[in-house]
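**Q** no FASTA, just this:
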């Protein structure tokens, strides 16, 4: 495919712009393209050049053929011109976004979930997916004012786990956000809000069921953006406010790092 | 200061290039410039515009005057032209790099340190400083193949903690690196290497002194780059190899995130 103006390359055109994805999902590089292929997202096409494309076709050729997924060999310079940046990873894949999961789908069978409020940074969202997958968290829920988890940068930083881990949005009006948090508690989740507030309970104690001295069966971690933190409403809706022990006079941790520490305490 | 060619602005010229710092330290924004002013680094000058500069001078004016530190008001457009990017944080400060600390300086009085090997990414190094400061780690040691902790991006991601937390280099030849690790053990540090190896000891157990059942008095965490991990030599030089519990079939955590989890276990 040597013609940069070909409509067959429209899925990967001008990816740098914030509207780059046009409602698609774009995977970059062999690892993430492979994970896209195993995901619930219907793959539309694969684009690449050189050894990366060859190896990918060698590995996944039978499946690509069976599913009728076109593979386009695009020289590096043409790919750079179309996409708007030099794709040194040598491989891109595009997919459609199927109907989103519902909150109940994510909660079904889950032991631990994380709920984000106000996390607007794609890199932090990607890192939370990566950390969640690494430490056995079952699902991610998106509350008010959160950025798109399927944005290219989120997917890349997540190492493709944004495509694997179940997630759903509790969004819309403040009322639905409020109802979403209540739904978690009705489903038996112990809702733990992470906060740097000095009067919050220590994280290790916050996960314990006071009657049994063991961790609650179902736990939902609620995390907010760095700086503003969780809203008053989210704080009121939780069962316990938990803090990570910090040295005096320092700043709070990055939101994805705080979440990783909380996931570790859960897994420990 | 309206003339972009003035030699008085040379400290902040062409900061985007990899050789941008010319052996200086550059702090960006009010938080980090304030921390630079409190640090052991001799501040050379402050540059800025608008409200950020006014507030900074209101807060630190007496000290700037006492120490004879010049303050240059530079219009945003001139600053962008000189530095090579739009400094929306409105404030820069430059400092000299004093003689580096020695390993013994960092170890003196320290209870917990972290030792980096092969961590070549400035953002990861900055994040490790931020996490170390937040969770009470006393010092950072740089082993073989690590990037400059005083690079602008490291300092920014560290929230200025790269300027506050004691650090030193154990570098040069493989022999000095080997000797450096031995020096840690001679100083009574229990050296814990973080690794995703499935036969490693669980992190929570790796910190314990088998005789007392309590954590070792002095602990040094050894962390390597994502991907290659620690070298054979570093692995052999440690007292114990420790793993963070991970869900099956997932990737290892980012190096700064792994370090944060280890610091949390130490602080817990």
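**A** Yep, it's here. What you are looking at is a predicted structure, and each value in this text was computed from that prediction instead of being measured.
**Q** which residues are in contact with the nearest residue to residue A:218 once chain neighbours are set aside?
**A** Distance criterion Cβ to Cβ, 6 or more residues apart in numbering or on different chains; nearest residue to residue A:218, sequence neighbours excluded, is residue A:189 at 4.5 Å. Glycine gets a C-beta too; all of them are placed from N, C-alpha and C. By Cβ atoms under 8 Å, 6 or more residues apart in numbering or on different chains, the residues touching residue A:189 are A:107, A:113, A:218-220.
**Q** and the furthest pair within those?
**A** A:107 and A:219 (12.0 Å; Cβ to Cβ).
**Q** what's the overlap in contacts for the two?
**A** Both residue A:107 and residue A:219 are in contact with A:113, A:189, where contact means Cβ under 8 Å, 6+ apart.
**Q** thinking again about what came up before, closest to residue A:266 out of the contacts of residue A:189?
**A** residue A:219 (6.1 Å).
**Q** the strands in the stretch 51-200 of chain A, which residues?
**A** A:71-73, A:91-96, A:112-117, A:139-142, A:166-169, A:190-194 (DSSP state E, counting those that start in this stretch).
**Q** including mean pLDDT and distance to residue B:252, could those strands go into CSV?
**A** Putting the strands of the stretch 51-200 of chain A into CSV (pLDDT from 0 to 100; distance: least, Cβ to Cβ, whole Å) gives the following:
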stretch, mean pLDDT, distance to residue B:252
strand A:71-73, 97, 30
strand A:91-96, 96, 22
strand A:112-117, 96, 19
strand A:139-142, 96, 20
strand A:166-169, 94, 22
strand A:190-194, 96, 23
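**Q** nearest to chain B, out of those?
**A** strand A:112-117 (10.9 Å; Cβ to the nearest Cβ).
**Q** what is the orientation angle of that closest one with strand A:190-194?
**A** Strand A:112-117 and strand A:190-194 are oriented at 50 degrees to each other (axes from the mean of the first three to the mean of the last three Cα atoms, to 10 degrees).
**Q** and strand A:112-117, what does it pack onto?
**A** If you count contacts as 3 or more Cβ pairs under 8 Å, 6 or more residues apart in numbering or on different chains; DSSP states H and E, strand A:112-117 packs onto helix A:122-134, strand A:139-142, helix A:174-186, strand A:219-224, helix A:255-267.
**Q** can I get these in TSV with distance to residue B:234 and mean neighbour count?
**A** Formatted as TSV, the helices and strands packed on strand A:112-117 follow (distance: least, Cβ to Cβ, whole Å; neighbours: other Cβ atoms under 10 Å in any protein chain shown):
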stretch	distance to residue B:234	mean neighbour count
helix A:122-134	23	25
strand A:139-142	35	24
helix A:174-186	44	16
strand A:219-224	34	26
helix A:255-267	23	25
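**Q** let me have the ones you listed in CSV, extended by distance to chain B.
**A** Shown next, in CSV, are the helices and strands packed on strand A:112-117 (distance: least, Cβ to the nearest Cβ, whole Å):
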stretch, distance to chain B
helix A:122-134, 5
strand A:139-142, 13
helix A:174-186, 22
strand A:219-224, 14
helix A:255-267, 5
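**Q** before we move on, back to that, residue B:227: which of the contacts of residue A:189 is nearest?
**A** Looking across the contacts of residue A:189 and measuring by Cβ to Cβ, the closest to residue B:227 is residue A:113, at 29.8 Å.
**Q** sorry, back to before: what is the nearest of the contacts of residue A:189 to residue B:152?
**A** Nearest to residue B:152 among the contacts of residue A:189: residue A:113, at 38.0 Å, using Cβ to Cβ.
**Q** what's opposite the nearest residue to that closest one once chain neighbours are set aside in the beta bridge?
**A** Closest residue to residue A:113 apart from its sequence neighbours, by Cβ to Cβ, 6+ apart: residue A:139 at 4.4 Å. Residue A:139 has these beta-bridge partners by DSSP bridges: residue A:113, residue A:166.
**Q** distance-wise, check residue A:139 relative to residue A:110.
**A** 5 Å (Cβ to Cβ, to the nearest Å).
**Q** what's the burial count for the nearest residue to residue A:64 once chain neighbours are set aside?
**A** Of all residues not flanking residue A:64 in the chain, residue A:71 sits nearest, at 6.0 Å (Cβ to Cβ, 6+ apart). For residue A:71, the neighbour count with other Cβ atoms under 10 Å in any protein chain shown is 16.
**Q** and the longest helix for chain A?
**A** Scanning chain A for the helix with the most residues, using DSSP state H, yields helix A:50-66.
**Q** name the helices or strands packed onto that one?
**A** Contacts defined by 3+ Cβ pairs under 8 Å, 6+ apart place helix A:50-66 against helix A:29-37, strand A:43-48, strand A:71-73, strand A:91-96.
**Q** which among those is found nearest to residue B:160?
**A** Here helix A:29-37 is closest among the helices and strands packed on helix A:50-66 (Cβ to Cβ), at 33.4 Å.
**Q** list the contacts of that closest one.
**A** A:25, A:27, A:43, A:46, A:52, A:55-56, A:59-60, A:63-64, A:89-93, A:95, A:155-156, A:159-161, A:163-164.
**Q** so residue A:215 sits against residue A:209, correct?
**A** Yes - using Cβ atoms under 8 Å, residue A:215 is in contact with residue A:209, at 7.0 Å.
**Q** in TSV: the strands of the stretch 51-200 of chain A, plus distance to residue A:34.
**A** Below are the strands of the stretch 51-200 of chain A laid out as TSV (distance: least, Cβ to Cβ, whole Å):
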stretch	distance to residue A:34
strand A:71-73	14
strand A:91-96	9
strand A:112-117	25
strand A:139-142	21
strand A:166-169	19
strand A:190-194	33
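**Q** out of those, deepest packed?
**A** strand A:112-117 (a mean of 26; mean count of other Cβ atoms under 10 Å in any protein chain shown).
**Q** what's the offset of it from the middle of its chain?
**A** Here the centre of strand A:112-117 is set off from its chain's centre by 11 Å, with Cα atoms, centre = their mean, to the nearest Å.
**Q** likewise for stretch A:48-56?
**A** Worked out by Cα atoms, centre = their mean, stretch A:48-56 lies 27 Å from the chain centre.
**Q** and what of stretch A:157-174?
**A** The answer for stretch A:157-174 is 5 Å, by Cα atoms, centre = their mean.
**Q** which one is residue A:226 nearest to, not counting chain neighbours?
**A** Nearest to residue A:226 is residue A:255, by Cβ to Cβ, 6+ apart, at 5.4 Å.
**Q** ignore the last one, residue A:63
**A** Once flanking residues are discounted, residue A:63 sits nearest to residue A:37: 6.7 Å by Cβ to Cβ, 6+ apart.
**Q** quick check: the gap between the one you found and residue A:202.
**A** 43 Å.
**Q** quick one, which of these two is more surrounded?
**A** With neighbours defined as other Cβ under 10 Å, residue A:37 and residue A:202 compare such that residue A:37 has more, 21 against 13.
**Q** got a list of what the residue nearest to residue A:113 touches?
**A** A:106-107, A:110, A:113-114, A:165-168.
**Q** hmm, who's touching the helix or strand bottoming out on mean pLDDT in chain A?
**A** Within chain A, no helix or strand scores below helix A:174-186, which has a mean of 80 by mean pLDDT, DSSP states H and E. With Cβ under 8 Å, 6+ apart as the test, helix A:174-186 has contacts from A:103-104, A:107, A:113, A:115, A:117, A:141, A:143-144, A:170-171, A:191, A:220, A:222, A:233-234, A:237-239.
**Q** and for stretch A:105-116?
**A** Taking Cβ under 8 Å, 6+ apart as the rule, stretch A:105-116 contacts A:125, A:128, A:132, A:136-143, A:146, A:166-168, A:170, A:181, A:183-184, A:187, A:189, A:191, A:217-224, A:259, A:262-263, A:266.
**Q** so where's the stretch 151-268 of chain A shaky on pLDDT?
**A** A:171-175 (pLDDT under 70).
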